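Undergrad: just coords:
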């Protein structure tokens with residue numbers, strides 16, 4: 001019985017460490033995706049501000065269909 005308590009504590013600590021590592025990995029993926037989206041948004045805003053209003057549909061259509069952007073997500 002006394003042997004079980006330290007073993008349970010070690011197992012629990014290992015589970016917590018594994019869970020933290022998994023959460024950390026997921027957080028990094030989400031953080032990277034956020035940075036990519038912020039970059040795309042910044043690019044789109046720049047395109048809109050640099051373009052006359054008549055070419056706005058062209059800019060937005062090209063932005064949404066960029067193959068490089070789709071492959072990164």
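TA: Arrived safely, thanks for sending. What you are looking at is a predicted structure, and each value in this text was computed from that prediction instead of being measured.
Undergrad: biggest helix in the chain, by residue count?
TA: Looking across the chain with DSSP state H, the single longest helix is helix 4-50.
Undergrad: per-residue confidence averaged over that one?
TA: Averaging pLDDT along helix 4-50 yields 95.
Undergrad: That helix packs against which elements?
TA: In terms of contacts (3 or more CB pairs under 8 Å, 6 or more residues apart in numbering; DSSP states H and E), helix 4-50 is packed against helix 56-64. (Glycine included, C-beta is placed from N, CA and C.)
Undergrad: rerun that using 10 Å as the cut-off
TA: Other helices and strands packing on helix 4-50, by 3 or more CB pairs under 10 Å, 6 or more residues apart in numbering; DSSP states H and E, are helix 56-64, helix 67-72.
Undergrad: where among those is the average confidence lowest?
TA: Mean pLDDT is lowest for helix 67-72 out of the helices and strands packed on helix 4-50, coming in at a mean of 51.
Undergrad: quick one: residue 37 and residue 26, what's the gap?
TA: For residue 37, the distance to residue 26 equals 16 Å [CB to CB, to the nearest Å].
Undergrad: Of these two, which one has the most company?
TA: More crowded of residue 37 and residue 26, by other CB atoms under 10 Å: residue 37, with 13 against 10.
Undergrad: separation between that one and residue 29?
TA: 13 Å.
Undergrad: How about residue 35?
TA: The spacing between residue 35 and residue 29, counted by CB to CB, is 11 Å.
Undergrad: Residue 6 now?
TA: Residue 6 is 35 Å from residue 29, by CB to CB.
Undergrad: Residue 41 now?
TA: According to CB to CB, residue 41 and residue 29 sit 19 Å apart.
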